[in-house]
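Peer 1: next one to model:
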Amino acid sequence: MAGGSKAVKRLVNYAWDHKGALALIPALGVAVSRAVDNREQLEAGFHETVRAVLETPIKEWPLQLLLQVAAAVVLGVVLLIWYNRKQASKPQPVYLVDFAMAHPPDTWRIPKERFVPVNSMNTRFNASSLDFLGKMLERSGLGPETYAPPWLVNEPICMDIAHARLEFEMLCFGAIQDLLNKTGIQPRQIGCVIVNSSLFNPTPSLAACIMNHFKMGSKTINYNLGGMGCSASLVAIDLAKQVLQTLPDTYVLVVSHENITNNWYPGNDRSMLLPNCIFRCNGAAMLLSNKAKDAKRAKYELAHLVRVNLAGQDRAYRCVYQMEDENGDLGVRLSKDLTQVAAGALQKNMVLLGPLVLPFSEKFLFAVNLIRKKLAGKAGKGMKSYTPDFSLAFDHICIHSGGRAVIDGMQKHLNLSVDAIEPSRAGLYRWGNVSSASVWYVLSYIETYKGVKKSDKVWQLSFGSGFKSNSAVWVARKSFKDPHTCWSGFEPAKMWEDLNALSATIAAEKAAKAAQAAAEGRPESPDEH
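Peer 2: As a prediction, this is how the structure comes out:
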């Protein structure tokens, strides 16, 4: 039934999107029919008019004909001026020429079974913290092998700025070089460099570090975005978009990274330990352009970018908060309000994005539901709100792989199919929570395993500290399938085997706890969920 309903909606949306052309069909049919009936008369009149114009000198043309020709010339000039002004006032296109992902060395792999033992080398972790880390990792949705810097999982543990800088250079320099090789662009051709790194911001900046390594020109400008959290990559894309509106014929390099070395928490506060469990090595490099010559070779064009920021609300502002614990250890605290805050930010983002992208059927059903609730008065408060089907607006969806619970919540809230959410689950399973770069690892999975068709719409959805929720909508400029090396050797079937086993285990544990609570005659505690 669901599939049939979607098919009907797609048919309605197609008719609505082409309503102008469909409305002209009857009139066009009548015009063609009359033209066929009067074909000989029309042809004779046309030939007679052309002959008269060609055989008569201009100075002998009737005044009426001269006025008609003059009016046509003036109209043509006016239309040309209007068209040129309209083209000049249009925003510059933002093309995503290509992108590349960081792929750490195999020596940086850390199997799940080694995670707790290597963390036990940190003598400041107590037994309770190690047990917590193990349990969280088992339920996290991460695969058996993700990546962490070796100096964090070998003795002695190094968390100094030199190793943090080394992590950035090894990951991001490699991704940038891969991108330059793919696009054939020389470093000196890049007009602007934008880097987002939330918590690692040394001096000179990471953007300057890139310019120095690749020996870019003195006219290249740069920006370094700090403290923007897991949604920062789309913030950087928005800044790149603004740069491309002011600088014509320009390339912008955007680099997204979150540093693990600089953010490793060595203490025992559970609200600050979770990032250690799920955050892993990452890096993404994107090349954007407004050059006309890149229109054909670019992978995507930016259609919409919507940003929501709840920093004005205390609860949202503090739900992801860098601070020192009671022993002076620096880390990022995740509050229990995080899930509710994220849901509220997502809701506001969808309200802004919906009118821009949703097809007619979803707008109509949402409006009908809203009117019914208004007309019902107080009784309408109990009526269920209609959640638009965003899968009808997009061909591919890239949700920030913040954790298993995050992806589960997004799938449920947006009513997404298993196939639609698979790329985000794969991103978490293969790479862990890679912060702002996650939407690019997810998109690279889509390009590798599913492929993209011309005119496909891609939705990137990210959220992070502040609290922010950002959406970017890209439209594919061509059809292609691009295998990314960061997914070489990955087996989706094995992933689903592991994730299904995890879901079964968690369901069995919940059932056992519910049965125990019922036997003891007490309600289930929140911890038992």
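Peer 1: for the spatially most central residue of the chain, what are its contacts?
Peer 2: Centroid-nearest residue in the chain: residue 460, 1.8 Å away (criterion: Cα atoms, centre = their mean). Residue 460 makes contacts with 234, 398, 439, 442, 443, 471, 472, 473, 474, as judged by Cβ atoms under 8 Å, 6 or more residues apart in numbering. Quick note: C-beta positions are derived from backbone N, CA and C, even for glycine.
Peer 1: buried members of the residues you listed into ChimeraX, please.
Peer 2: With 16 or more other Cβ atoms under 10 Å as the criterion, this ChimeraX line picks the buried residues out of the contacts of residue 460:
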select :234,398,439,442,443,471,472,473,474
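Peer 1: out of the contacts of residue 460, who's nearest residue 142?
Peer 2: residue 442 (14.9 Å; Cβ to Cβ).
Peer 1: okay, and the closest one sits in which element?
Peer 2: Assigned by DSSP states H and E, residue 442 falls within helix 438-445.
Peer 1: then that helix to CSV, C-alphas only?
Peer 2: The C-alpha trace of helix 438-445 is given here as CSV (Å, rounded to 0.1, in the frame of the first residue of the first chain):
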residue,chain,number,x,y,z
SER,A,438,30.3,12.6,8.0
VAL,A,439,27.9,13.9,5.3
TRP,A,440,30.8,13.6,2.8
TYR,A,441,31.7,10.0,3.8
VAL,A,442,28.0,9.2,3.4
LEU,A,443,27.9,10.8,-0.1
SER,A,444,31.0,9.0,-1.1
TYR,A,445,29.3,5.7,-0.2
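Peer 1: which outside residues touch it?
Peer 2: Under Cβ under 8 Å, 6+ apart, the answer for helix 438-445 is 99, 101, 230, 233-234, 256, 282, 284, 286, 396, 398-402, 423-424, 426-428, 430-431, 434, 458, 460-462, 472, 484, 486-487.
Peer 1: give me that answer again for 7 Å
Peer 2: 99, 101, 233, 256, 284, 398, 400-401, 423-424, 426-427, 431, 434, 458, 460, 462, 484, 486-487 (Cβ atoms under 7 Å, 6 or more residues apart in numbering).
Peer 1: so what does the residue nearest to the centre of the chain have for phi and psi?
Peer 2: Note on residue 460: backbone dihedrals following degrees, to the nearest 10 are phi -100, psi 130.
Peer 1: now do the one 10 residues further on
Peer 2: The phi and psi values for residue 470, taken as degrees, to the nearest 10, are phi -130, psi 140.
Peer 1: residue ranges with poor pLDDT in the stretch 151-300 of the chain?
Peer 2: In the predicted model of the stretch 151-300 of the chain, no residue satisfies pLDDT under 70.
Peer 1: apply 80 and report the result again.
Peer 2: 154-155 (pLDDT under 80).
Peer 1: quick one, helices of it?
Peer 2: Counting by DSSP state H, counting those that start in this stretch, the segments of the stretch 151-300 of the chain that form helices are 161-183, 206-213, 232-246, 270-278.
Peer 1: okay if I get those helices as TSV plus distance to residue 509?
Peer 2: Below are those laid out as TSV (distance: least, Cβ to Cβ, whole Å):
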stretch	distance to residue 509
helix 161-183	36
helix 206-213	43
helix 232-246	35
helix 270-278	18
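Peer 1: identify whichever of the ones you listed lies nearest to residue 448.
Peer 2: helix 161-183 (14.1 Å).
Peer 1: return the set of buried residues in that closest one.
Peer 2: 163-165, 167-168, 170-176, 178-180, 183.
Peer 1: what's it in contact with?
Peer 2: Taking Cβ under 7 Å, 6+ apart as the rule, helix 161-183 contacts 97-102, 104, 149, 151, 187, 200, 202, 206, 210, 213-214, 255, 257, 259-262, 281-285, 287.
Peer 1: list the beta-bridge partners for the residue nearest to the centre of the chain.
Peer 2: Beta bridges link residue 460 to residue 398, residue 472, judged by DSSP bridges.
Peer 1: check the one 4 residues further on too.
Peer 2: Residue 464 has the following beta-bridge partners by DSSP bridges: residue 468.
Peer 1: how about it, what does it touch?
Peer 2: 228, 229, 230, 231, 232, 320.
Peer 1: repeat that for residue 468.
Peer 2: Per Cβ under 7 Å, 6+ apart, neighbours of residue 468: 229, 231, 307, 308, 309, 345.
Peer 1: just the buried ones from the residues you listed?
Peer 2: 229, 231, 308, 309, 345.
Peer 1: closest one of these to residue 454?
Peer 2: So of the buried ones among the contacts of residue 468, ranked by how close each gets to residue 454 (Cβ to Cβ), first place is residue 231, at 28.7 Å.
Peer 1: among the contacts of residue 464, which ones are in strands?
Peer 2: Secondary structure assignment by DSSP state E places residue 320 of the contacts of residue 464 in strands.
Peer 1: between all of the contacts of residue 464, which two are at the greatest distance?
Peer 2: Longest span within those, Cβ to Cβ: 232 and 320, 12.3 Å.
Peer 1: more crowded one of those two?
Peer 2: Higher neighbour count among residue 232 and residue 320: residue 232, with 28 against 24, using other Cβ atoms under 10 Å.
Peer 1: how far away is that one from residue 140?
Peer 2: Counting by Cβ to Cβ, to the nearest Å, the gap from residue 232 to residue 140 is 22 Å.
Peer 1: and for residue 118?
Peer 2: Distance from residue 118 to residue 140, by Cβ to Cβ: 16 Å.
Peer 1: go on, residue 422?
Peer 2: 17 Å.
Peer 1: again, but for residue 187
Peer 2: 38 Å.
Peer 1: next: residue 190.
Peer 2: 37 Å.
Peer 1: same question for residue 351.
Peer 2: 31 Å.
Peer 1: who's more crowded, those two?
Peer 2: Counted by other Cβ under 10 Å, residue 351 and residue 140 do not tie: residue 140 has more neighbours, with 21 against 11.
Peer 1: and that one, what is it in contact with?
Peer 2: 277, 278, 403, 404.
Peer 1: the third one reaches residue 433, doesn't it?
Peer 2: So that's residue 403. Yes. With contact defined as Cβ atoms under 7 Å, residue 403 reaches residue 433; the gap is 6.3 Å.
Peer 1: neighbour count for these two, which is higher?
Peer 2: residue 433 (26 against 20).
Peer 1: distance of the residue lying closest to residue 228 once chain neighbours are set aside relative to residue 479?
Peer 2: Nearest residue to residue 228, sequence neighbours excluded (Cβ to Cβ, 6 or more residues apart in numbering): residue 235, at 5.2 Å. Noted for residue 235: a distance of 30 Å to residue 479, by Cβ to Cβ.
Peer 1: who's more crowded, these two?
Peer 2: Each of residue 235 and residue 479 has its neighbours counted (other Cβ under 10 Å); residue 235 has more, 24 against 11.
Peer 1: residue contacts, that one?
Peer 2: Residue 235 neighbours (Cβ under 7 Å, 6+ apart): 196, 225, 228, 470.
Peer 1: looking at the helices of the stretch 151-300 of the chain, which is closest to residue 296?
Peer 2: Of all the helices of the stretch 151-300 of the chain, helix 161-183 comes closest under Cβ to Cβ, at 13.4 Å.
Peer 1: show me the contacts of helix 438-445 that map onto strands.
Peer 2: 99, 101, 256, 284, 398, 458, 460, 462.
Peer 1: now, among the residues you listed, which is nearest to residue 41?
Peer 2: residue 458 (54.4 Å).
Peer 1: got the contact list for that closest one?
Peer 2: 300, 394, 395, 396, 398, 443, 474.
Peer 1: distance check, it against residue 349.
Peer 2: 16 Å.
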